[in-house]
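Undergrad: From the sequence below, what's the structure:
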Amino acid sequence: MNESYLKIIYSGSFVNAQYIAGVLDEGHIHCVIKDEFHSSMMAGWAAPGAENSVRVMVAKEDLSQAVEAIKSAKSPN
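TA: Numbering: from 1, shown residues only. Next up, the predicted model:
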């Protein structure tokens, strides 16, 4: 998936990003998680202020379906 075709659907903490990725996976929606903090730590340095810079991205054509999947996961049954 080319990053220019991706839309950010969430930006924040690693834990919330993992939850959202799980919801999308259950809905068979492919997503990409970009975690600059952990990536920079693996490179041997920590990007300043990057602790909450995890992004979940989906393809443009999946954006509305992804938003609906997340909304329905958050609503009480």
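Undergrad: my read: Asp35 touches Phe14, true?
TA: Yes: Asp35 lies in contact with Phe14 (C-beta atoms under 8 Å); the separation is 6.4 Å. Backbone N, C-alpha and C define where each C-beta goes, glycine included.
Undergrad: Residues that sit against both of those two, list them.
TA: Contact criterion C-beta atoms under 8 Å, 6 or more residues apart in numbering; residues shared by Asp35 and Phe14: Val54.
Undergrad: Quick check: closest non-adjacent residue to the residue nearest the centre of the chain.
TA: The residue lying closest to the centre of the chain (C-alpha atoms, centre = their mean) is Val56, at 1.4 Å. Leaving aside its chain neighbours, Val56 sits nearest to Tyr10 (4.2 Å; criterion: C-beta to C-beta, 6 or more residues apart in numbering).
Undergrad: With Phe14 instead?
TA: Spatially, and ignoring its direct neighbours in sequence, Phe14 is nearest to Val54 (4.9 Å; C-beta to C-beta, 6+ apart).
Undergrad: Do I have it right that the one you found meets Ile9?
TA: No: with contact defined as C-beta under 8 Å, Val54 does not reach Ile9; the gap is 11.8 Å.
Undergrad: Does Arg55 belong to a helix, a strand or coil?
TA: strand (DSSP: H, G, I helix; E, B strand; the rest coil).
Undergrad: and what of His28?
TA: Judged by three-state DSSP, the three-state class of His28 is coil.
Undergrad: Please enumerate the helices of the protein.
TA: 14-26, 36-42, 63-74 (DSSP state H).
Undergrad: Comparing the ones you listed, which yields the minimum mean pLDDT?
TA: Per-stretch mean pLDDT for the helices of the chain is lowest at helix 36-42 (a mean of 59).
Undergrad: May I see the buried residues of stretch 23-30?
TA: Buried positions in stretch 23-30, judged by neighbour count with 16 or more other C-beta atoms under 10 Å: 23-24, 27, 29.
Undergrad: Would you format these as JSON lines with distance to Gln65 included?
TA: Listed next are those as JSON lines, based on distance: C-beta to C-beta, whole Å:
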{"residue": "Val23", "distance to Gln65": "12"}
{"residue": "Leu24", "distance to Gln65": "9"}
{"residue": "Gly27", "distance to Gln65": "7"}
{"residue": "Ile29", "distance to Gln65": "6"}
